[in-house]
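**Student:** sequence first, then the predicted structure:
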Amino acid sequence: MPKFAANISLLFKELPFLDRFAAAADHGFTGVEALFPYDDAVTQMTRRLAMNGLQMVLINCPPPNWAGGERGFAAVPGLTERFRHDFKRAVRFAEALGAQHMHVMAGKASGLVARTTFVENLRWASAEAPRMSLTIEPLNGTDMPGYFLNDFDQAAEILDEVKAKNVNLQFDMYHAQMLTGDGMAVWEAHGHRAVHVQIASAPGRRAPEKGEVDFPAFFAALDDSGYKGWVSAEYMPEGDTRKTLGWLDAVKGS
Ligand SMILES: O=C(O)[C@@H](O)C(=O)CO
Ligand SMILES: [Mg+2]
């Protein structure tokens, strides 16, 4: 059985942010991740992690100055200085939280210059933070129009070119299914590159129990593949999160 984390930017939103740590632990998660937790004090968060025996699994880079901002800059030509500045601050933040991974967001861009910019920035980031596990995540264009990294084959080529041990794939089954209509096939092709996995039903981005993906089969495939990383629930609960966790009880009970 995979180890499950809760994305507390999306789950338990009915609670104040700092109370979501305890809610995640109370409902069977052993890790949490957050998209952009930069508005809360690190000491408050580390306290909640310790109090609830939780691992901080992942945060996204950038911001700090996220509010209203773009989804990253790593592939945006002309914004390399901005990316590097934000990256350094984000690494300090991630390290203070004990985050296992940091997702380096590409941003909105296209074309060859963007690709070169992304590769160069990832190589730089890998050397700048050699102890931090960095991820890149293809996002589907319906949810994230114009986002540079929007294809798993493209991500694989980029990872091969960056060729850094600490830069790997973040595999979100929701995006894989939305992009291709066959997320399982994408996992079979690219799962060996994944150091972090996220789940949600597709379409709809709800709890992983309805929709097109057979999640029990996917969890079995994760186990069979020897995947040892986290599986993070990154979905938009319909109403009270606690009422959407039947899928987790089912996995734990099986
Ligand atoms: O799937 C997603 O949207 C996230 O994992 C993310 O990092 C982009 O906001
Ligand atoms: Mg995701």
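**Tutor:** Looks like it came in fine. Ligands and ions are numbered 1, 2, ... in the order given.

**Student:** quick one: the helices in this structure?
**Tutor:** Per DSSP state H, the chain carries helices over the ranges 20-26, 42-51, 80-97, 112-128, 152-162, 173-180, 183-190, 215-225, 246-253.

**Student:** pLDDT on the first one, on average?
**Tutor:** Helix 20-26 carries an average pLDDT of 98.

**Student:** so which of the helices of the chain comes closest to Thr142?
**Tutor:** Counting by CB to CB, Thr142 lies closest to helix 173-180 out of the helices of the chain; the figure is 6.3 Å. Just so you know, the C-beta spots here come from the backbone N, C-alpha and C atoms, and that holds for glycine as well.

**Student:** name the residues of the closest one that come out as buried.
**Tutor:** For helix 173-180, the neighbour count (16 or more other CB atoms under 10 Å) marks Met173, Tyr174, His175, Ala176, Gln177, Met178, Leu179, Thr180 as buried.

**Student:** just put those residues in JSON lines and tack on pLDDT.
**Tutor:** Output for the buried residues of helix 173-180, formatted as JSON lines (pLDDT from 0 to 100):
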{"residue": "Met173", "pLDDT": "98"}
{"residue": "Tyr174", "pLDDT": "98"}
{"residue": "His175", "pLDDT": "98"}
{"residue": "Ala176", "pLDDT": "98"}
{"residue": "Gln177", "pLDDT": "98"}
{"residue": "Met178", "pLDDT": "98"}
{"residue": "Leu179", "pLDDT": "98"}
{"residue": "Thr180", "pLDDT": "98"}
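
**Student:** which of the residues you listed are close to ligand 1?
**Tutor:** Among these, proximity to ligand 1 is found for His175 (CB under 6 Å from any ligand atom).

**Student:** just the buried residues of helix 173-180 that are near ligand 2?
**Tutor:** Among the buried residues of helix 173-180, proximity to ligand 2 is found for none (CB under 5 Å from the ion).

**Student:** could you dump the buried residues of helix 173-180 to CSV with distance to Phe93?
**Tutor:** Shown next, in CSV, are these (distance: CB to CB, whole Å):
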residue, distance to Phe93
Met173, 27
Tyr174, 26
His175, 25
Ala176, 28
Gln177, 31
Met178, 29
Leu179, 30
Thr180, 33
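
**Student:** for ligand 1, what's the nearest residue on the stretch 101-250 of the chain?
**Tutor:** Relative to ligand 1, the nearest point of the stretch 101-250 of the chain is Asp172 (4.7 Å; CB to the nearest ligand atom).

**Student:** around ligand 2, pick out the residues from the stretch 51-200 of the chain.
**Tutor:** Residues of the stretch 51-200 of the chain found near ligand 2 (CB under 5 Å from the ion) are Asp172, Gln198.

**Student:** the same query, at a cut-off of 8 Å, please.
**Tutor:** Counting by CB under 8 Å from the ion, the residues of the stretch 51-200 of the chain close to ligand 2 are His103, Glu137, Leu139, Gln170, Asp172, Tyr174, His175, Gln198, Ala200.
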